[in-house]
Structure formats: C-alpha cells, structure tokens
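>>> Based on what follows, work out the 3D shape:
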Amino acid sequence: MTRRMSKGTCQFCQTTFSKAAMTRHLEACKQRHVVSETPSGKRGLQKRRLLHLVVEGRDRPEYWMHLEVPVHATLEDLDRFLRQTWLECCGHLSAFTIHGETYSTSAIGPFEEMEGEDMDVALGEVLSPGVKFLHEYDFGTTTELNLKVVSEREGDLRGKPIRVLARNEAPLRTCESCGKIATQVCSSCSWGGEGWVCDGCAGTHECGEEMLLPVVNSPRVGMCGYEG
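Numbers count the residues shown, from 1 in each chain. Have a look, this model is predicted:
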C-alpha cells in the first residue's frame with residue numbers, strides 16, 4: 001500500500017504544512033506569537049500554564065491535531081473534547097493510560113463499569129513536556145489515540161478551554177469500483193482497509209448499503225455507528 005503524505009493547516013496563518021513539519025512551524029509561527037504575546041493585562045486576563053499536545057490515531061496516524069490546553073483543565077475535559085471532535089457515536093466508555101495508570105469515565109449504563117482512577121484530575125498533575133499517553137474510546141470497536149505533550153508555556157486562552165492549533169486535512173480516498181472520490185465506507189470491510197465507495201457505486205457494494213457510513217475526517221471513520 002502506498003504511504004500517503006498527511007498535511008494539515010495552521011489555524012493562525014492558514015498555511016499548509018506536512019505532518020512532520022507542523023510541530024516546528026507552530027513553534028515559529030509569527031501569527032501565533034502575535035496572539036500569544038498580546039499583553040494579557042490589557043484584556044484583564046490572567047496568564048496560565050498551557051500545554052501543547054499532539055494527538056493522532058494509533059492505527060490511522062494520518063488523522064492528527066495539535067491542541068493547547070490549560071493545566072487546570074481535567075482529563076474529563078480533554079476526553080469530552082476528543083469525543084465531540086472525533087469519536088462520539090453511542091455513548092461508549094473511554095479511558096486514558098498515563099504512566100501505566102488508567103483514568104476512566106464513570107459507568108454510563110447500569111451494567112457498565114471500569115477499573116481505574118476517575119478522570120476528574122487536572123492535566124498539570126499527571127502531564128508534563130515529553131510525556132506520551134494513550135486514549136481509548138469504545139472497548140468493543142475501539143479507537144485508540146496516541147497523545148504527547150510537546151511543550152509548556154505561559155499564556156491565556158480566550159473562548160473555548162481547548163484551542164485547536166492545527167489539524168490534518170481530510171485524506172482523499174478513492175472508490176474501489178470506479179476511482180472517483182469515496183464518500184462512504186463499509187463498517188465491515190474497513191477493518192481490512194477496504195470498502196471505500198462513491199455514492200454512485202454504493203448500491204453495488206457486496207455487504208449492502210445498510211453497512212455503509214459517511215467518510216468523515218476522523219480516525220473513527222467507518223467504525224461502529226460513527227457519522228461525524
């Protein structure tokens with residue numbers, strides 16, 4: 001299989017870079033520094049410690065994001081963001097693994113429970129630059145994400161508690177029947193990296209149209225009931 005080059009867009013200067021170059025760019029991006037270095041006192045905002053995280057699909061690394069999160073935010077806040085942005089389909093359980101310790105969501109259903117610590121833990125208590133950790137969503141049809149703390153700085157975040165610094169562009173998939181851009185993927189065939197079809201060929205897919213899900217920009221594409 002040909003390895004696809006993954007690219008993404010910086011949310012500050014709107015310039016496109018490869019996945020490998022994005023971390024270096026964000027450290028040097030002039031527009032980012034303009035936003036970051038505007039005196040907080042003029043806006044009445046208090047500077048806080050902020051963590052720069054990079055997150056990617058463990059089995060689908062072409063899906064990735066760079067995030068900035070205050071250290072007082074909790075693992076539950078980060079879990080909620082990842083669910084809303086990339087993962088949520090059926091209210092499944094999820095967990096982080098950090099330094100060998102598991103931090104899990106509370107039980108959702110009457111018979112569901114997980115071992116481990118609660119996610120109501122501030123990021124600053126368990127994370128620091130260089131730390132790598134894992135996030136898992138759905139322990140049946142699991143989506144695994146690798147995360148790493150790239151750096152830490154002082155600054156402020158306006159608006160949402162988690163800022164997206166950069167995100168991958170949606171990978172282009174081609175229809176296996178005609179070669180056009182794929183718009184749907186089979187939830188059964190996707191396990192083997194197959195089952196990508198366009199709208200015109202969807203009706204001829206051997207597993208049936210009821211197995212097809214929309215192609216979305218997420219490492220959970222084609223899994224369970226995820227539609228983005």
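
>>> downstream neighbour of the strand or helix carrying Met22 in the secondary structure list?
Element membership of Met22, judged by DSSP states H and E, is helix 19-28. Downstream of helix 19-28, the next assigned helix or strand under DSSP H and E is helix 30-37.

>>> rewinding a little: which elements pack onto the helix holding Met22?
Packing contacts for helix 19-28, counted by 3 or more C-beta pairs under 8 Å, 6 or more residues apart in numbering; DSSP states H and E, involve strand 7-10, strand 64-70, strand 163-168. Bear in mind the C-beta positions are built from the backbone N, C-alpha and C, glycine included.

>>> deepest of the ones you listed, which one?
strand 64-70 (a mean of 21; mean count of other C-beta atoms under 10 Å).

>>> and the angle from that strand to strand 163-168?
170 degrees (axes from the mean of the first three to the mean of the last three C-alpha atoms, to 10 degrees).

>>> My reading is that Cys178 lies in a helix. Confirm?
No - using DSSP: H, G, I helix; E, B strand; the rest coil, the secondary structure at Cys178 is coil, not a helix.

>>> Which residues are in contact with it?
198, 200-201 (C-beta atoms under 8 Å, 6 or more residues apart in numbering).

>>> And for Asp199?
Asp199 neighbours (C-beta under 8 Å, 6+ apart): 183-184.

>>> Tell me the secondary structure at it.
Once three-state DSSP is applied, Asp199 turns out coil.

>>> separation between it and Glu169?
21 Å (C-beta to C-beta, to the nearest Å).

>>> Kindly report the same for Arg80.
From Arg80 to Glu169 the distance is 25 Å (C-beta to C-beta).
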